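Participant: Show me the folded form of this:
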Amino acid sequence: MSFSFSRLRMAALTAASVAALAVSGVAVQAAPAAVDLVFYAPHFEKLENGSVISYKFVRKSDDPKLEPSFEDVVKIKVGPTGAESSVTVDLFTGNRAVNLPNMSKSGNPVIVALLEQDVKDMGKALGGSPFYFRNRLRQAISADTPAEPIQFQYGGKTVDGWKVSIKPFLDDGSNRGKLREFAERTYEFTFSDAVPGGLYALKTVTPKAGGAGTLLSEELTVAESPSAAEPAK
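Facilitator: Residues are numbered from 1 along each chain as shown. Below you'll find the model as predicted:
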């Protein structure tokens, strides 16, 4: 996969993300940087070998020129030798199925898999270079903007988490005409330590021209808990 960052920059951001702020005598974790959460946080540190994390994926398209709407599943398999050396992403099923072995050992690899698929889809829809879309995403995620603290419902209770929101193409005036509605495209990542694999949801929304409704939305949401790996056949 092609989403990569400077190790020096990553180390600096990681140090900042684990700093503590003293508020009324109580240690409060500083907001982590977006790049740490998205690419470098040890989300699989507590996962048992053989775990399978399942996600529901929903695409809603309101334009016949774009790829049609569909619902599918995405799975991450940890093993047979643990998250340190063996992680596989099964992106979708049936005719859409893509198997991605030997994925990244840091972060949650489903993020890279979905972003790479997103880059390909935008290139097909807009006729642009995948390098352009990939670079704009990388630049937006690696910006120094901290994540936002949030709470949401998971597993029947309220959990603490972080939200990262970016609009990678919004300020690119020279390409706005070519990007059309995609210039306003929003990416939203939701994380929590209470969720297996760290990532609760990854959502993209492309509004219609003038903001009158949604042209295209895609959302990946984690299942309630990881399961054991399926037996070998």
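Participant: all strands for the protein, in order.
Facilitator: Under the criterion DSSP state E, strands of the chain are mapped to 20-23, 26-29, 51-61, 70-78, 87-91, 98-100, 148-154, 157-166, 186-191, 199-207, 214-222, 227-228.
Participant: who wins for proximity to residue 106 among those?
Facilitator: strand 87-91 (10.3 Å; C-beta to C-beta). In this view, the C-beta of every residue, glycine as well, is placed from N, C-alpha and C.
Participant: what lines up beside the closest one in the sheet?
Facilitator: strand 70-78 (antiparallel), strand 98-100 (antiparallel) (DSSP bridges).
Participant: deepest of these, which one?
Facilitator: strand 70-78 (a mean of 18; mean count of other C-beta atoms under 10 Å).
Participant: now that one, how far from the chain's geometric center?
Facilitator: Its chain's C-alpha centre and that of strand 70-78 lie 13 Å apart, by C-alpha atoms, centre = their mean, to the nearest Å.
Participant: so which of the strands paired with strand 87-91 gets nearest residue 189?
Facilitator: Closest approach to residue 189 among the strands paired with strand 87-91 (C-beta to C-beta): strand 70-78, 14.9 Å.
Participant: As TSV, the strands of the chain with mean pLDDT and distance to residue 117 would be great.
Facilitator: Shown next, in TSV, are the strands of the chain (pLDDT from 0 to 100; distance: least, C-beta to C-beta, whole Å):
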stretch	mean pLDDT	distance to residue 117
strand 20-23	34	37
strand 26-29	49	32
strand 51-61	96	10
strand 70-78	95	10
strand 87-91	92	7
strand 98-100	92	8
strand 148-154	96	25
strand 157-166	96	17
strand 186-191	97	13
strand 199-207	97	11
strand 214-222	97	9
strand 227-228	56	24
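Participant: and those strands as JSON lines, adding distance to residue 130?
Facilitator: Listed next are the strands of the chain as JSON lines, based on distance: least, C-beta to C-beta, whole Å:
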{"stretch": "strand 20-23", "distance to residue 130": "40"}
{"stretch": "strand 26-29", "distance to residue 130": "36"}
{"stretch": "strand 51-61", "distance to residue 130": "19"}
{"stretch": "strand 70-78", "distance to residue 130": "21"}
{"stretch": "strand 87-91", "distance to residue 130": "17"}
{"stretch": "strand 98-100", "distance to residue 130": "16"}
{"stretch": "strand 148-154", "distance to residue 130": "29"}
{"stretch": "strand 157-166", "distance to residue 130": "18"}
{"stretch": "strand 186-191", "distance to residue 130": "16"}
{"stretch": "strand 199-207", "distance to residue 130": "16"}
{"stretch": "strand 214-222", "distance to residue 130": "17"}
{"stretch": "strand 227-228", "distance to residue 130": "34"}
